[in-house]
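S.K.: how does the following fold in three dimensions:
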Amino acid sequence: MRSAPGNKLTDHPWAKGAPEATYFIQRLSRKGSLVCDPFLGGATTAVSALRLGRRFVGFEIDPAVARKARARIAHLQSP
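M.R.: Numbers count the residues shown, from 1 in each chain. Below is the predicted model of the structure:
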């Protein structure tokens, strides 16, 4: 379970891979739990949490990065 530095999907230099996020969310929370990411970045944790049936809240200080994250989450939630 290793991912390369950065994530080509999110275009964020510090991004971590979805396998790591999924691994920890599955083991440290239950369906319906609230997952909080205080450093949202590319929204990988948000996407993994939502796919696993968790609720999610995230915070991002950089407005441009926050817009990209919001778009990624919205894309996941669109039919």
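
S.K.: ok, for residue 59, nearest residue in space, not its chain neighbours?
M.R.: Sequence neighbours aside, residue 38 is the residue nearest to residue 59 in space, at 5.1 Å (criterion: CB to CB, 6 or more residues apart in numbering). Where you see a C-beta, it was placed from the backbone N, CA and C, and this is true even at glycine.

S.K.: contacts only, for residue 50.
M.R.: Taking CB atoms under 8 Å, 6 or more residues apart in numbering as the contact definition, residue 50 lies against 56, 73, 76-77.

S.K.: cool, and residue 70?
M.R.: Residues in contact with residue 70, defined by CB under 8 Å, 6+ apart, are residue 43.

S.K.: from residue 31, how far off is it?
M.R.: Separation of residue 70 from residue 31 (CB to CB, to the nearest Å): 24 Å.

S.K.: repeat for residue 22
M.R.: Here the criterion is CB to CB. By it, residue 22 lies 13 Å from residue 31.

S.K.: give me the common contacts of those two.
M.R.: By CB under 8 Å, 6+ apart, the residues touching both residue 22 and residue 31 are residue 52.
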